[in-house]
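1. model this:
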Amino acid sequence: MQQTLPKNKMKTDVLVIGAGAAGMTAALEAKSRGLDVTIISKSKVGRSGNTIISGTGMAILDQGTDSRDSPQAFKQDTLRSGKEINDHTLVDLYLKRSPGLIDRLIDYGVALRKMNDCWLKKQAPGHSVARSFSADFSNYPYMTRGLSLTLPLLKSAEQSGIRIIDFAPVVKLLISDGCIAGAVAVSKKTNAILIIRTPVVILASGGCGGIYARSNNTGDITGDSYSLAYNAGALLRDLEFVQFYPSMMFSPLKVTISSPLFGEGAILRNAHDERFMHKYDQAGEMATRDIMSRAIFNEVKEGRGQQGCIFMDCRRLPEQILTEKYAEILRLLAKAKLDPLKDLIPISPAVHFSMGGVAINSSTETSVPGLLACGEAVGGLHGANRLAGNALPETFVFGMIAGQHAADTFKRGAYPETTAFDVQPFGPGNLSLVELRRELRKTTWNYLSIIKTRESGQKALQAIDRIALSIEDVGLETIYDLVSFYELKSMMTTARLIVHGSLTRKESRGSHFRSDYPETDDENYKGSFFYKNEKDRLELEFRSAPA
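-> Predicted structure coming up:
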């Protein structure tokens, strides 16, 4: 491998980083306003990121004639789940845009699931009424049923003339005079460095589940949004809040077991055949994900689990409900010789979603002029714990806003000159990137997962420091090594931010639980911590939630 890579240059009106639902929606909206738009992705556009492995469940405000829903009820459910520290401006905007989302999805070519000629609607845990819709994924593999969302979006993007760049992870945002000037990517297709000039970047490259050893995220979700924004000087928020999905099955196959099953009447049992959720919350199995994950964790810790799992019991559910609403997962489980009508399903929690992210306003603007953000890249809407089904609608709602606002942002800007950036040089080394990555993921799971303490946070920092010193001694021989090098640096940056936020928030709230501070402290911590890179030094600022 040559010691230096060629540098290719290009320019575009709008650069969208990330190609899940948020990124492609933003790109489509920007393109519809006459802009030259480029989508760049570290993996295959339309076939990567967390959207493709989602259950496609979307909580959408439904005020039809047969609905008991209302903006007030939906807001109350969202704030209750978020432990009252949600950004009210974003919540109100989300609910305002939510009712028109079904029609917009149909415009994008997405088919929604029906039963008896009506949209199929379920009630997920944490919701006071049924408002969970889903895409029709009957023609897609169950494990990648989110393709029913991404492939129609990709088709629309291709037809509209959006430029698409696959397999080119962005490793740095370029800043000029405090504003966005472009980005640097490493193209695995062309074996070259790609320098992109643009006055507008939409950051939509997802969350950080991949930095943990046990996660239901795709492997390319490694905190890139947060590290890129942080290193560019953008304000972040709420990164200490990481959500765990309580019902993940790891054996005999790895699959997320749909939480709306609890709304149908499924219950949890420990290894002693005891139903236990009412010990932890009066809502029982309809409790929010944070409470259920801790309950499962505690049952296993106290010896009432089996091989690290407890069990979902669907045996009393009507067969018709399972066969009509959950036929796909029945077929998948059958391949593993499990029948939910007869057998208990072994489950345990896994990292699912990050409530924190880049701080934005109602136009999706960040604190860096020219940098917009949407999807799981951003924080604020979900507070301390995301309500089930609010993730995918967020990607569409705020993706649309970002794309629409990109036109106004472009009009105010020009093509700035990009600053110089030299990538890490190739060369021999004594350490393995694979081993360092494995060590980091093990560290975050052991010390930054469901239950945290001051001691676990300090151990995590010590381990991250060791990895940071070691990474300078790894061998870089191929372009794939170079990509892995920057990905690991991104993972370390994000992990370090999560540690500092977790140590600073000396209380338990939502998905953030510290056993040394087990109570919620509204007097001192009802609000959000904002993260800022000040000359390579992290500064944390606390802002109280609105009364």
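2. Doesn't Ser225 lie inside a strand?
-> No - counting by DSSP: H, G, I helix; E, B strand; the rest coil, one finds Ser225 to be helix, located in no strand.
3. Run a quick neighbour tally on it.
-> Using other Cβ atoms under 10 Å, Ser225 has 30 other residues around it. For every residue, glycine as well, the C-beta is placed using N, CA and C.
4. quick one: contacts for it?
-> Counting by Cβ atoms under 8 Å, 6 or more residues apart in numbering, Ser225 makes contact with Ile17, Gly18, Leu203, Ala204, Ser205, Gly206, Gly207, Gly357, Val358, Ala373, Glu376, Ala377.
5. same thing with Ala22?
-> Contacts of Ala22 (Cβ under 8 Å, 6+ apart): Ala204, Cys374, Gly375, Glu376, Ala377, Glu394, Thr395, Phe396, Phe398, Gly399, Ala402.
6. Checking it next. Helix, strand or coil?
-> Judged by three-state DSSP, the three-state class of Ala22 is helix.
7. so where is the protein shaky, pLDDT-wise?
-> Residue ranges of the chain with pLDDT under 70: 1-3, 65-66, 412-414, 418-420.
8. quick revisit: out of the contacts of Ala22, which comes closest to Gly146?
-> Ranked by distance to Gly146 (Cβ to Cβ), the contacts of Ala22 are led by Thr395 at 10.8 Å.
9. Confirm the closest one sits in a strand?
-> No - assigned with three-state DSSP, Thr395 falls outside any strand and is helix.
10. What is the most widely separated pair among the contacts of Ala22?
-> Within these, two members stand farthest from each other by Cβ to Cβ: Ala377 and Phe396, at 14.1 Å.
11. of those two, who's got more company?
-> Comparing Ala377 with Phe396 by neighbour count (other Cβ under 10 Å), the higher total belongs to Ala377, at 34 against 27.
12. Now for the more buried one: which residues touch it?
-> The contact partners of Ala377, taken as Cβ under 8 Å, 6+ apart, are Gly18, Ala22, Leu203, Ala204, Ser205, Gly206, Gly207, Ser225, Tyr226, Ala229, Gly357, Val358.
13. Select from the residues you listed the one having the most neighbours.
-> Tallying neighbours with other Cβ under 10 Å puts Leu203 at the head of those, with 37 neighbours.
14. Kindly provide the distance from it to Thr493.
-> 15 Å (Cβ to Cβ, to the nearest Å).
15. before we move on, what about Ala21?
-> Between Ala21 and Thr493 the computed distance is 25 Å (Cβ to Cβ).
16. of those two, who's got more company?
-> Ala21 (33 against 23).
17. Can you give me the distance of the more buried one to Glu324?
-> Relative to Glu324, Ala21 is positioned 26 Å away (Cβ to Cβ).
18. So which residues of the stretch 151-300 of the chain form helices?
-> For the stretch 151-300 of the chain, the helices identified by DSSP state H, counting those that start in this stretch occupy 224-231, 260-264, 289-301, in order along the chain.
19. Kindly reformat the ones you listed as TSV containing distance to Pro518.
-> TSV is the format used below for the helices of the stretch 151-300 of the chain (distance: least, Cβ to Cβ, whole Å):
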stretch	distance to Pro518
helix 224-231	27
helix 260-264	25
helix 289-301	10
